[in-house]
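Engineer: Starting from these lines, generate the structure:
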Amino acid sequence: MTLLSATIRTAPARARAITRPRLVMMRNVGWLCVLAASLLSVLGVVAIGTVPPAPGEPNLALYHIAHLVVGLLAAAAVAVPHYRFAQQASYPLLAVVVGLLIFVLIPWLPEAIVRPRNGARRWINVLVTDMQPSELAKIAWVLALASYLRYRQNYRRLTGLLLPLGLTFIPMALILVEPDLGTAMLFLPTLFAMLVAAGAKLRHLALVMVIGLSLAPAMYPLLKPHQKNRIKAMFAQVIGDDRYHNDIGFQSARAMTLAGAGRWTGVGRDHAAALITYNALPEDHNDMIFAVVTCRWGMLGAMTVWGLFLLLCGGGLVIAAQCKDPFGRLVPVGLATVFFSQMAINTGMAIGVMPITGMTLPFVSAGGSSLVSAWIMVGLLVSIAMRRQRYLAPEAFEFDGCEEA
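Structural biologist: Residues are numbered from 1 along each chain as shown. Below you'll find the model as predicted:
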């Protein structure tokens, strides 16, 4: 009888112990990120379907769906194992990605392997699709930087920032040479956010920022002629000068026209398709997909896109705040900053406040590597969110007694 009563008393405790991990999995904030990414992906399919295909062009909406399936499988494959595997593989993964970035720049490679597009060498032909190493570079670099910063205190000194800066400039410089100014622009704000989250001193970061801004004009001569012209076109557009509208500023002018045509609630699918066709917007399914969204659904569609990205990035920051492991805290900060920066740059291009840089809108733009890599990032967020933190684990980034500088 005693044994039976003891079994009955311990049964509820065992049931709670069994169901608790399941409840933790269902309640974790990572599912908010999955929800936001899923809605953005569906929105992308519908927006791409609004764009009339060119003669002989495949159905890009189906192409997007096919890569979405691959992205979901990749996200699941990343989310299921413990996120510590990513920390262990971070440096080898970054080395592989840097090798791929160098590979695409080799000039004598046949076009069947690396096919230049609009003068840029960014894609490797993998038979069924093209793979863009710079998309993987964002993920590998965030993982490697988080792995370096997780138990370090030397970046609390000004000289200690040199190695994180060097780790950043290697992939960033290779991506700039491709050239891919848009992707390269994501690295510095992400580095700044991760250093702040890791505990770097704000006065040191402010000094580095001031030095960087003072040296920025010296980098202008290194830009390609078309990149300089796009910057000129943007400034001319801001002051109301339309002399570039039929030249280098054509894409930006057409995007602004279509975005403004949507007004508050949009013009609907058929009218939007007609406007897109007759305005001849370049890269309407890709870099300029936000103009398509605002044309079809108006300001309401734009606010939906921004709101979903805020939900995604906010979920990432909550995951970081709930995690006591330094690596598990830094990775969501880096990934959320990448998402937000990329969204801000892409939507800024469509409304004329940023220069055209060839930047996709994550989950929404048609692009195989961009969509798959974005879902891999979501998988990492879910992997971190679903791991229960130890109750007695120490707080991350304690710097008592750290040397002042």
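
Engineer: Strands of the stretch 51-200 of the chain, residue ranges please.
Structural biologist: Remark: strands assigned in the stretch 51-200 of the chain by DSSP state E, counting those that start in this stretch are 124-125, 130-131.

Engineer: any low-confidence regions in this protein?
Structural biologist: Of all residues in the chain, those with pLDDT under 70 make up the ranges 1-27, 56, 212, 214-230, 232-247, 249, 388-405.

Engineer: Distance from the chain centre to stretch 92-111, please.
Structural biologist: When C-alpha coordinates are averaged (CA atoms, centre = their mean, to the nearest Å), stretch 92-111 and its chain have centres 21 Å apart.

Engineer: residues in contact with the nearest residue to residue 340 once chain neighbours are set aside?
Structural biologist: Excluding its sequence neighbours, the residue lying closest to residue 340 (CB to CB, 6 or more residues apart in numbering) is residue 313, at 4.7 Å. The C-beta positions use only the backbone N, C-alpha and C, and glycine is treated the same way. Applying CB atoms under 8 Å, 6 or more residues apart in numbering to residue 313 gives the contacts 336-337, 339-340.

Engineer: could I get the residues you listed as CSV with neighbour count, distance to residue 172 and secondary structure?
Structural biologist: Below are the contacts of residue 313 laid out as CSV (neighbours: other CB atoms under 10 Å; distance: CB to CB, whole Å; DSSP: H, G, I helix; E, B strand; the rest coil):
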residue, neighbour count, distance to residue 172, secondary structure
336, 25, 19, helix
337, 23, 15, helix
339, 27, 18, helix
340, 22, 18, helix
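
Engineer: Out of these, flag the one nearest to residue 194.
Structural biologist: For the contacts of residue 313, the residue nearest residue 194 by CB to CB is residue 337; the value is 7.4 Å.

Engineer: That closest one reaches residue 195, doesn't it?
Structural biologist: No: judged on CB atoms under 8 Å, residue 337 makes no contact with residue 195 at a distance of 11.0 Å.

Engineer: ok, residue 192 - how many residues close by?
Structural biologist: 15 (other CB atoms under 10 Å).

Engineer: do you know how far it is from residue 157?
Structural biologist: 17 Å (CB to CB, to the nearest Å).

Engineer: Name the nearest residue to residue 89, sequence neighbours excluded.
Structural biologist: Nearest non-adjacent residue to residue 89 (CB to CB, 6+ apart): residue 143, at 7.7 Å.

Engineer: Does the one you found touch residue 87 like I think?
Structural biologist: Yes: between residue 143 and residue 87 there is a contact at 7.0 Å, judged by CB under 8 Å.

Engineer: These two: which has the busier surroundings?
Structural biologist: Each of residue 143 and residue 87 had its neighbours counted (other CB under 10 Å), and the higher figure belongs to residue 143 (25 against 19).

Engineer: ok, that one - contacts?
Structural biologist: 86-87, 89-90, 93-94, 331.

Engineer: and residue 358, helix, strand or coil?
Structural biologist: With DSSP: H, G, I helix; E, B strand; the rest coil as the basis, residue 358 sits in coil.

Engineer: Test my guess that it contacts residue 287.
Structural biologist: Yes: counting by CB under 8 Å, residue 358 touches residue 287, with 5.9 Å between them.

Engineer: What is the burial count for residue 57?
Structural biologist: 11.

Engineer: begin at 40 from here
Structural biologist: Happy to do that; since the first residue is 40 now, the last one works out to residue 96.

Engineer: Could you measure from it over to residue 186?
Structural biologist: Distance from residue 96 to residue 186, by CB to CB: 42 Å.

Engineer: Kindly report the same for residue 388.
Structural biologist: 32 Å.

Engineer: So for those two, which sits in the more crowded spot?
Structural biologist: residue 388 (27 against 21).

Engineer: ok, for that one, nearest residue in space, not its chain neighbours?
Structural biologist: residue 395 (5.5 Å).

Engineer: quick one, helices of the stretch 340-444 of the chain?
Structural biologist: 365-389, 407-424 (DSSP state H, counting those that start in this stretch).
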